[in-house]
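Visitor: quick one, what's the 3D model for this:
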Amino acid sequence: MGYYENSFYGLLALCAGLLASQPTRRNELKKLADSRKQVSRDDAHPEADWYKVYALIMGADWLQGPYLYSLYRDEHGISERLVSTLFATGFLSGAISAYFIGSLADKHGRKAVCMVFCLLYAMSCFFTIIPSIPLLFLGRILGGISTSILFSVFDSWMVTNFRERKLVENGCDLSRTYATTSIVNSLSAIISGLASEWLVRVSGTKKAPFLLSIGLLWTALQIIWANWVENYGTKQSESKDAPKPPSLLSTLKQPSILAIGFASTMFEGSMYLFVFYWTPTIKAVQKSTAELPYGYIFSSFMASSMAAALIFNIVMQKRPFKYSRLLVGILLASNFCFVKLAGPKTEDATFWLFCLFEACVGMYWPCTGYIKGRIVPDDVRAKVYSILRIPLNIFVVASLFIAGDSQHYLRVFSTCSMLLTASFGIVWIASLKDNMP
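Guide: Alright, predicted model coming up:
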């Protein structure tokens with residue numbers, strides 16, 4: 001067994017140990033009972049349908065990741081330049097559609113838009129396996145729209161559902177919900193990576209993972225239809241005497257939201273660039289000429305992310321410090337990774353720096369999710385979440401065009417470190433001046 005395989009199994013053992021130490025809803029129910037508060041005796045977890053749907057949609061997304069580029073290049077025979085254009089089309093589609101998606105979700109219902117996501121993403125998968133240039137571009141356009149929904153409307157539905165159903169009284173905790181969601185995402189990534197590799201090997205075609213994705217999305221659609229409750233942003237039926245909800249502009253002008261928006265753009269933009277450049281970076285410092293075990297390396301990254309989410313769950317149970325201060329630490333650690341990656345390094349150091357960055361990703365999602373859940377009003381939640389993704393998509397497209405091919409990864413990592421330094425400073429100032437949780 002090689003070095004990367006041993007590292008992966010070691011990280012899995014760490015995850016198993018951390019999983020056994022997790023705070024649970026049952027513990028919270030016991031605390032509520034001890035404090036003589038009325039609690040539900042229902043053992044069914046009130047957020048089970050959320051976790052099921054999230055596992056399915058993220059599994060559908062992760063199944064495609066390892067083979068999208070290879071499907072375009074190897075099976076469809078598309079030039080590398082056209083592949084880059086297809087990827088850029090997806091990000092541009094996400095940027096253009098973001099504002100309209102948030103508005104539609106807040107007005108017409110987030111459950112409905114989540115169901116539309118399942119249909120659009122399934123269509124994107126179907127068009128991706130057809131070797132027709134117009135249909136491939138249509139697939140990327142639908143994929144960009146779907147990604148905007150995935151990272152804005154689903155979160156919006158979950159947070160509003162959490163509050164409207166008063167799940168705190170049922171032993172739930174929004175911070176723990178976000179951490180568990182991140183854990184579910186990491187597990188989906190690991191399982192999907194192994195499943196996609198097996199499917200391709202058995203079927204002999206890289207189209208197979210995309211067909212399975214369609215099946216997972218259809219299953220998710222059925223669960224959403226049958227079990228989710230609809231929620232909205234601004235209500236049309238509100239009384240004229242009721243206080244007006246905060247406007248979109250006034251919400252976006254809040255220093256805390258501007259800071260979290262800037263930090264999200266810089267961190268998530270760096271994350272997308274990391275996904276694009278990690279393979280050539282490890283190959284450039286590889287000590288041997290043997291084929292790298294990419295599946296184990298990718299799974300190690302996901303295991304690192306999962307371990308960090310599990311640690312987040314344990315540490316933040318007692319709220320030892322503010323979430324905004326933790327975000328500052330995450331940005332600082334990420335900056336350290338890119339500073340080191342931009343300089344001379346060994347193969348082992350490169351691998352573990354990537355694992356450390358993925359650990360930062362594992363803590364980043366529940367941390368920023370909780371902060372946005374606290375500072376963004378429910379009335380404009382989906383709209384704000386969508387708008388915050390517009391500069392992210394533009395940033396990634398611009399970075400890919402400016403960076404050019406994968407040989408310029410050192411310059412990219414150096415730029416990422418500078419941008420993360422700026423976001424670290426902005427979040428720090430906002431956490432001091434504004435009431436960030």
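Visitor: any regions of the stretch 201-350 of the chain where pLDDT drops low?
Guide: For the stretch 201-350 of the chain, the stretches with pLDDT under 70 are 234-246.
Visitor: helices of that one, residue ranges please.
Guide: Residue ranges of the helices in the stretch 201-350 of the chain, as given by DSSP state H, counting those that start in this stretch, are 208-227, 248-252, 255-284, 294-315, 323-341, 347-375.
Visitor: can you pull the buried residues of the helix or strand encompassing G94?
Guide: Per DSSP states H and E, G94 falls inside helix 80-108. Across helix 80-108, burial judged by 16 or more other CB atoms under 10 Å covers 83-84, 86-99, 101-106. Bear in mind the C-beta positions are built from the backbone N, C-alpha and C, glycine included.
Visitor: quick one: name whatever helix or strand follows that helix.
Guide: Beyond helix 80-108 toward the C-terminal end (DSSP H and E), the next one is helix 110-128.
Visitor: from the contact counts, what lies against that following helix?
Guide: When contacts are defined as 3 or more CB pairs under 8 Å, 6 or more residues apart in numbering; DSSP states H and E, helix 110-128 packs onto helix 48-64, helix 80-108, helix 133-150, helix 153-164, helix 208-227.
Visitor: can you do 7 Å?
Guide: On a contact count with 3 or more CB pairs under 7 Å, 6 or more residues apart in numbering; DSSP states H and E, helix 110-128 meets helix 80-108, helix 133-150, helix 153-164, helix 208-227.
Visitor: show residues contacting it.
Guide: With CB atoms under 7 Å, 6 or more residues apart in numbering as the test, helix 110-128 has contacts from 60, 64, 101, 104-105, 135-136, 138-139, 142-143, 145-146, 149-150, 153-154, 156-157, 210, 213-214, 217-218, 220-221, 224-225, 228, 230-231, 382.
Visitor: one more time with 6 Å, if that's ok
Guide: 105, 135, 138-139, 142-143, 145-146, 149, 153-154, 156-157, 210, 213-214, 217, 220-221, 224, 228, 230-231, 382 (CB atoms under 6 Å, 6 or more residues apart in numbering).
Visitor: do stretch 334-346 as well
Guide: 353, 356-357, 360, 410, 413-414, 416-417, 420-421.
Visitor: now swap in stretch 5-19 and tell me
Guide: 296, 299-300, 303, 306-307, 310.
Visitor: coming back round to it: export the contacts of stretch 334-346 to TSV and append columns for neighbour count and pLDDT.
Guide: Formatted as TSV, those follow (neighbours: other CB atoms under 10 Å; pLDDT from 0 to 100):
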residue	neighbour count	pLDDT
L353	19	94
L356	17	95
F357	26	94
C360	26	95
L410	14	78
F413	22	84
S414	15	85
C416	27	84
S417	19	88
L420	26	88
T421	17	88
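Visitor: between those residues, which is closest to A398?
Guide: Of all these, A398 sits closest to C416, with 13.3 Å by CB to CB.
Visitor: what residues are up against that closest one?
Guide: By CB under 6 Å, 6+ apart, C416 lies in contact with 270, 338.
Visitor: isn't A95 up against I394?
Guide: Yes. The pair A95 and I394 qualifies as a contact (CB atoms under 6 Å) at a distance of 5.4 Å.
Visitor: so what's G215 up against?
Guide: No contacts exist for G215 under CB under 6 Å, 6+ apart.
Visitor: next one: T281 from S256, what distance?
Guide: To S256, T281 is 34 Å away according to CB to CB, to the nearest Å.
Visitor: with T180 instead?
Guide: Taken as CB to CB, the span from T180 to S256 is 25 Å.
Visitor: what's the answer for L432, then?
Guide: According to CB to CB, L432 stands 11 Å off from S256.
Visitor: likewise for D61?
Guide: Distance of D61 to S256, given as CB to CB: 29 Å.
Visitor: endpoint to endpoint, stretch 315-325 covers what distance?
Guide: Using CA to CA, to the nearest Å, the end-to-end distance of stretch 315-325 comes to 13 Å.
Visitor: identify each buried residue in it, please.
Guide: Buried positions in stretch 315-325, judged by neighbour count with 16+ other CB under 10 Å: 316-317, 323-325.
Visitor: reformat those residues as CSV; add distance to M271.
Guide: Shown next, in CSV, are those (distance: CB to CB, whole Å):
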residue, distance to M271
M316, 21
Q317, 26
Y323, 19
S324, 20
R325, 21
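Visitor: among the residues you listed, which two are most distant?
Guide: Q317 and S324 (17.7 Å).
Visitor: contact partners for C360?
Guide: C360 touches 330, 333-334, counting by CB under 6 Å, 6+ apart.
Visitor: let's see 8 Å
Guide: If you count contacts by CB atoms under 8 Å, 6 or more residues apart in numbering, C360 has them with 308, 330, 333-334, 337.
Visitor: distance of it relative to S305?
Guide: C360 sits 9 Å away from S305, going by CB to CB.
Visitor: quick one, which of the contacts of C360 are buried?
Guide: Applying 16+ other CB under 10 Å to the contacts of C360 flags 308, 330, 333-334, 337 as buried.
Visitor: for G59, what are its contacts?
Guide: Residues near G59 by CB under 8 Å, 6+ apart: 188, 191-192, 213, 216.
Visitor: go ahead and build a PyMOL selection from the buried members of these.
Guide: To isolate the buried members of these in PyMOL, using 16+ other CB under 10 Å:
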select buried, resi 188+191+192+213+216
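Visitor: so can I have CSV of the contacts of G59 showing distance to V202?
Guide: Shown next, in CSV, are the contacts of G59 (distance: CB to CB, whole Å):
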residue, distance to V202
S188, 20
I191, 16
S192, 15
S213, 16
L216, 18
